[in-house]
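Trainee: Predicted model follows, preceded by the sequence.
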Amino acid sequence: MKLRYERKYLVPNHKLNDLRLALRPFMRPDIHAGLKEGYPNYTVRSIYFDNTHRNAVIDKLEGLRDRKKLRIRGYDKLKEDSLVFTEIKKKISDRIFKNRAPFLYRNIKRVLQTGEYEPFLLKNTEKNRNDASRFLYNLKRFHMEPVNLIVYRREPYHGIFNSDTRITFDKDIRSRIYPQITELYDDVDFVYPWAGHFIMEIKYYESPMPSWAKSVVWEFDLKAEALSKYVEGFRCHPLAY
């Protein structure tokens, strides 16, 4: 099991260009992201699941060190061959691990309704079968339902000296609660939990954090925070309770 460390920082939008300049000697654009306005960018779309008691929200607010979230994740705009992933994101102490399995978006509603996944699973490997099975087991076992659609623009970079180090700027973070699975690519009726801010994430596998990343965090007087797009997107919504 390969676990990664993840640090999140809430940053005012006006600091974005200065952060880019400070980090430029240490990172390169993610080659898998298309360029927009000269910077790597793509849109991340996730539908998060929770049970009727909203235990994922409660676990986060109570500060449990070990917890998990279920979501369906897709990217950019809807196309005929749009790919989505079933994901379980686990937090184990201060490290992160994911179980992830790929499907075509046009099949995902049937997979979730019937629990039949092998005919629709892309890259039918043992790992993907196990990850898909684990997701569907948790979905049914804990009677989970779609609760929050989170959408944002991600600007991703990799470390030059260590490509396992990743820095992302998540911008225009927005939330819509109680979506249908068929609404993953909708762009209406959003609220903004952190208006005027973006989230910088530093992700790395070898502890401690790289010294150059520490220096930039110190220079900009940033404070690591336990930020959850799912929880804050739910709590800030007037229809949440």
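Mentor: Structure's in. What do you need?

Trainee: Could you check how sure the model is about the strand of greatest length in the chain, as an average pLDDT?
Mentor: Looking across the chain with DSSP state E, the single longest strand is strand 145-159. Confidence for strand 145-159, expressed as mean pLDDT, is 96.

Trainee: That one pairs with which strands?
Mentor: Here strand 145-159 has these sheet partners by DSSP bridges: strand 27-29 (antiparallel), strand 39-50 (antiparallel), strand 166-177 (antiparallel).

Trainee: List the buried residues for the next helix-or-strand element following the second one?
Mentor: The element immediately downstream of strand 39-50 (helix or strand, assigned by DSSP states H and E) is helix 55-61. Burial within helix 55-61, assessed by neighbour count using 16 or more other CB atoms under 10 Å, is assigned to 56-57, 59-60. For the C-beta atoms, the positions are set from N, CA and C on the backbone; glycine is no exception.

Trainee: which residue ranges form the helices in the chain?
Mentor: 16-23, 55-61, 105-114, 126-141, 211-219, 229-235 (DSSP state H).

Trainee: Of the ones you listed, which is nearest residue 84?
Mentor: Ranking the helices of the chain by proximity to residue 84 (CB to CB) places helix 105-114 first, at 4.7 Å.

Trainee: quick one on the thing from earlier: in the longest strand of the chain, what counts as buried?
Mentor: Neighbour-count burial for strand 145-159 [16+ other CB under 10 Å]: 146-159.

Trainee: same deal with stretch 107-123?
Mentor: 107-108, 111-112, 117, 120-121.

Trainee: residues in contact with residue 51?
Mentor: Residue 51 sits next to 142-145 when contact means CB atoms under 8 Å, 6 or more residues apart in numbering.

Trainee: ok, those vs residue 201, which is closest?
Mentor: Distances from residue 201 to the contacts of residue 51, taken by CB to CB, are shortest for residue 144, at 25.1 Å.

Trainee: Now the phi/psi pair for the closest one, please.
Mentor: phi -90, psi 150 (degrees, to the nearest 10).

Trainee: Among the buried residues of helix 55-61, which one sits closest to residue 72?
Mentor: Once CB to CB is applied, the member of the buried residues of helix 55-61 that ends up nearest residue 72 is residue 56, at 14.4 Å.

Trainee: Excluding chain neighbours, give the residue nearest to that closest one in space.
Mentor: Of all residues not flanking residue 56 in the chain, residue 50 sits nearest, at 4.6 Å (CB to CB, 6 or more residues apart in numbering).

Trainee: Tabulate the strands paired with strand 145-159 (JSON lines), appending mean neighbour count, distance to residue 222 and mean pLDDT.
Mentor: Conversion of the strands paired with strand 145-159 to JSON lines gives the following (neighbours: other CB atoms under 10 Å; distance: least, CB to CB, whole Å; pLDDT from 0 to 100):
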{"stretch": "strand 27-29", "mean neighbour count": "16", "distance to residue 222": "16", "mean pLDDT": "95"}
{"stretch": "strand 39-50", "mean neighbour count": "21", "distance to residue 222": "20", "mean pLDDT": "96"}
{"stretch": "strand 166-177", "mean neighbour count": "20", "distance to residue 222": "12", "mean pLDDT": "97"}
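
Trainee: Which one, of these, ends up nearest to residue 3?
Mentor: Using CB to CB, the strands paired with strand 145-159 put strand 166-177 closest to residue 3, at 14.4 Å.

Trainee: got the angle for that closest one vs helix 16-23?
Mentor: Strand 166-177 and helix 16-23 meet at an angle of 150 degrees, taking axes from the mean of the first three to the mean of the last three CA atoms, to 10 degrees as the criterion.
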